[in-house]
Structure formats: structure tokens, C-alpha cells
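S.K.: Structure for the following, please:
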Amino acid sequence: MSKNNQPSNHPDVQVLSLSAASVQIPKYEEIKNGSKDYVQWGKDNLFPQYLFQLYLRSAILQALVNGIADYVDGDAILLGENLQSFESYQNEEGDTIEDIVRKMTIDYLVYGGFAASPLFSVDQKLIGLYWVDYGCCRKSKPGYDDDGNKLQTTVYYCKDWSDRKAPVVKRALFTGKNRVGAPIFMYDGHLTRGEYAVPTYIGALKAIETGVQIQEFHLRNITNGFSSSSMITFCEGVPSEDVQTRIKKKIEKLYTGAENAGDFVLAFAKDKDHAPIINKIADDGFDKKYAQLEVSTMKSIFIAFRAQPQLFGFVIEGSLFNRDEFEQAYALFNKTVVAPMQKDLQRALDTLFGEDKSVTFAPFALDALNTDDNTEPTNTDNNEEPLN
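M.R.: Residues are numbered from 1 along each chain as shown. The predicted structure follows:
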């Protein structure tokens, strides 16, 4: 029995303190010396899947990713003069060019990189473009030529890397020159020093996970009868240490951690006469501590994205945020975050289309949100009347 679980001095009473369960956060790493032909992304090859699940679980991360994507994609995505044939383009999956760029932007923010698959005709003309989930792609192990230049030719694609029976498709890695078939283009961002992208919020993973756990705590505190203020006493005598340990582990699994709103004390007594008098443990103020922690974690997440909360609908208590302040804050955010991302997307799309200035972004304009002109909404897509 560990030091924290030492029995009390009373021979007929033993008390075990149950600690909260810990959350294991996957580590970013690349494994090149494994038995696979590709470079594994994470210890279990599922690091990008963890990132996407975090995006789905965290309201703050989701709001930031979706909000920044709105700013980056702007009011419209405009194609260059030589690409007018793609104005009405829609691939077999139903995606237009705007849809594809939107998905690439989301991936850039979630994973730190994005992917796409151009489709070429026999005479090497671009005839189609498809979004590819960057998190489902793995690169072949690199080789090197006589001059020390890295050679990497293959992308391994799998919809579910956690399923060992799921099919893995091999495609050529698109370099901009091999305009044959349907290769896969991968953009890995600026932070990587290896094969795969690094998300800009990599330093805030603990803060994001903490925010998720805080929400779990509040949910369970409302819905779960067991809380950190509970004591459980078994009055059928004191079982052996082995039985105590097994009971402790079972109850820890069921009732401790943020998912179950804290920890509690488990006590064993010979009978009611020897049971502890304490029936309720004093409130440790977890709700207040978590509220303070929630503010701290939110700050860490926004710092990681170099963003001001007000730009994404998070109002700071005691502060005002008018139109002028919004425009000043957005001007800085546009210069440091939005515009650089737009340039990266433009360069990638130039490579895919084989054209310079293939795509431009109509800047996000706050005026588009102005509804004070008393004009009636119009439907520009068809002749239907506006809804009442």
C-alpha cells in the first residue's frame, strides 16, 4: 500500500484516499525507424486524430479555428483570368473551389498543414481538384541522392489509421512537376522541422485539454450524485489489503477525475461503532478554483493564436469593444495572422493550378455586416421571394 493509502492507527478502521485520474496528452513525434514504409505521426500514429478530436471537443478551439477561417477566406475567393473555366467547377464529391479552399484553411489551422489532390489529363492539363484530409496522410521514409538532397516520392492515405484492417492507398507525392494521374500535394507549414506539420497552438495543448476537462467537471457536478464532498463507508468489517485495493480501483474508475467531478475518501470499518464520525467533507471550493483556471486557460489559448478574444465573440468582463476598437484589433490580426495564411494558401494553389496568382482573397469587410441601411434582403441565386 502506498504512503498516501496508509491505514489509520485504529486497528478496526482503515481509510484510503482516492486521487483524481490524470489525462495523458499525446506527444508530437515522428517515428522513422519503425517497420512501416512510412513515417509514423505520433507514438501510435494517431497524433493528428487527437488534434481533430480536440477541435471537436473544445468550444474555444473550434470558435478560433472557424473564426480565423472566416477571416482568411474573406468575403470571396476569386480565380485568376486563366482559370475562369473553374468558376462553376464542382468535383464528384460536390465540392466547389471555395469549398476546397475552406477545407484546406480549416486543416491548416487544426493540423498546421493541408493537402489536396489535383487530377491531370493524359496531356498533363489540370481537369479536377479534390480536398484531401491532411490528418489521413503519411509520407514515405525519405531517401537521399548523392548530393544529400532528400528524395520522397510517396504518400500513404488511410481514412482510419486506428483500424489495422482499413485499406491504405499509395499515391505519388505532388511536387508541381509530376503532372500525371492524381498525386497528393502536402503543405507542411513553417513550424515543422520534420515530415509533418506543427499546429500553431502546440504549446497550448494542455490549456485546451484543461478547458475541456473543466466543462466535464461542471457537467458531472450537475448530473452526478457523487462528488468530491462524499465519503463511502463499508460497515461489513475490514477486508484484506488486496480486496481493498481492488474495490478502490473500481470506484476510482467510476467516480474520480474531472469526468466525475473530483475525488473522495473511501473508508473501511469493522462496524458502525468504529465507523468515522465524518459524514461530509468540507467543500474544497473546486467550482471557484475551476472558474479562475478557466480564465487562465482561455488566455493561454488565445495567446497561442495571437488573437484577441473580442474578435471571436468572447467579451471580457468590464471592457467595451466598439467598432473602432474592432477595426484596430483586426488590422493587427490581419497583418500578423490572416495575411500570412492567405499567402501560404495562394502559393500552394499556384502550385496546384500551375498558374501564378491563381487565387486571390477578397478581404473580410465589417461593412458587409451592416444591417442599418433598411434594405430588403435579395436572393441572387434564383428568383424566389425573400422569406418573411
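
S.K.: ranges for the helices of the stretch 1-150 of the chain?
M.R.: 47-57, 59-73, 97-111 (DSSP state H, counting those that start in this stretch).

S.K.: Of the ones you listed, which is nearest residue 337?
M.R.: helix 59-73 (6.8 Å; Cβ to Cβ). Where C-beta positions appear, they are placed from N, C-alpha and C, glycine not excepted.

S.K.: Show me what that closest one packs onto, helices and strands only.
M.R.: helix 47-57, helix 97-111, helix 205-223, helix 286-304, helix 339-353 (3 or more Cβ pairs under 8 Å, 6 or more residues apart in numbering; DSSP states H and E).

S.K.: can these go into CSV with extra columns for distance to residue 118?
M.R.: Shown next, in CSV, are the helices and strands packed on helix 59-73 (distance: least, Cβ to Cβ, whole Å):
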stretch, distance to residue 118
helix 47-57, 22
helix 97-111, 11
helix 205-223, 33
helix 286-304, 32
helix 339-353, 5
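
S.K.: of all the ones you listed, which lies closest to residue 33?
M.R.: Of these, nearest to residue 33 by Cβ to Cβ is helix 47-57, at 16.9 Å.

S.K.: Going by neighbour count, list what's buried in that closest one.
M.R.: 47, 48, 49, 50, 51, 52, 54, 55, 57 (16 or more other Cβ atoms under 10 Å).

S.K.: At the geometric centre of this structure, which residue sits there?
M.R.: Centroid-nearest residue in the chain, with Cα atoms, centre = their mean: residue 55, separated by 3.0 Å.

S.K.: Correct me if wrong: it contacts residue 64.
M.R.: No. With contact defined as Cβ atoms under 8 Å, residue 55 does not reach residue 64; the gap is 9.5 Å.

S.K.: could I get the buried residues of helix 47-57 as a markdown table with distance to residue 155 and pLDDT?
M.R.: Below are these laid out as a markdown table (distance: Cβ to Cβ, whole Å; pLDDT from 0 to 100):
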| residue | distance to residue 155 | pLDDT |
| --- | --- | --- |
| 47 | 17 | 98 |
| 48 | 14 | 98 |
| 49 | 17 | 98 |
| 50 | 21 | 97 |
| 51 | 19 | 98 |
| 52 | 18 | 98 |
| 54 | 24 | 97 |
| 55 | 23 | 98 |
| 57 | 28 | 96 |
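
S.K.: Low-confidence bits of the protein, can you list those?
M.R.: Counting by pLDDT under 70, the chain shows low-confidence ranges at 1-22, 221-237, 251-287, 316-321, 368-388.

S.K.: how much space between residue 198 and residue 190?
M.R.: In this view, residue 198 and residue 190 are 9 Å apart by Cβ to Cβ, to the nearest Å.

S.K.: higher neighbour count, these two?
M.R.: Using other Cβ atoms under 10 Å as the criterion, residue 198 and residue 190 rank with residue 198 on top: 18 against 11.

S.K.: ok, the more buried one touching residue 110?
M.R.: No. If you go by Cβ under 8 Å, residue 198 and residue 110 don't touch, sitting 11.9 Å apart.

S.K.: what's the overlap in contacts for the two?
M.R.: Common neighbours of residue 198 and residue 110 are not found (criterion: Cβ atoms under 8 Å, 6 or more residues apart in numbering).

S.K.: Would you map the strands across the stretch 1-150 of the chain?
M.R.: Using DSSP state E, counting those that start in this stretch, the strands of the stretch 1-150 of the chain run over 13-17, 30-31, 40-41, 76-79, 114-120, 126-132, 137-139, 143-144, 150-151.

S.K.: check contacts around residue 208.
M.R.: 54, 58, 60, 61, 201, 297, 301.

S.K.: how close does it sit to residue 140?
M.R.: 31 Å.

S.K.: show me what contacts residue 142?
M.R.: So residue 142 contacts 39, 150, 151, 152, 195 (Cβ under 8 Å, 6+ apart).

S.K.: Same question for residue 303.
M.R.: residue 204.

S.K.: which pair in the contacts of residue 208 spans the largest distance?
M.R.: Farthest pair in the contacts of residue 208 (Cβ to Cβ) is 54 and 297. Separation: 13.0 Å.

S.K.: First-to-last residue distance for stretch 76-89?
M.R.: End-to-end distance of stretch 76-89 (Cα to Cα, to the nearest Å): 15 Å.

S.K.: tally of neighbours for residue 347?
M.R.: Neighbour tally, residue 347, other Cβ under 10 Å: 13.

S.K.: Show me how this structure divides into domains.
M.R.: Per the record, the chain has its domains at 3-23+206-293, 30-197, by automatic domain parsing.

S.K.: out of the helices and strands packed on helix 59-73, deepest packed?
M.R.: Greatest average neighbour count among the helices and strands packed on helix 59-73 goes to helix 97-111 (a mean of 22), per mean count of other Cβ atoms under 10 Å.

S.K.: The closest residue to residue 50 other than its chain neighbours: how many residues sit nearby?
M.R.: The shortest distance from residue 50 to any non-neighbouring residue, by Cβ to Cβ, 6 or more residues apart in numbering, is to residue 26 (4.7 Å). When neighbours are defined as other Cβ under 10 Å, residue 26 has 16 of them.

S.K.: isn't residue 26 right up against residue 49?
M.R.: No. Contact criterion Cβ under 8 Å: residue 26 and residue 49 do not qualify, at 9.1 Å.

S.K.: Distance from the chain centre to the host helix or strand of residue 155, please.
M.R.: Assigned by DSSP states H and E, residue 155 falls within strand 154-157. Averaging C-alpha positions (Cα atoms, centre = their mean, to the nearest Å) puts strand 154-157 23 Å from its chain's average.
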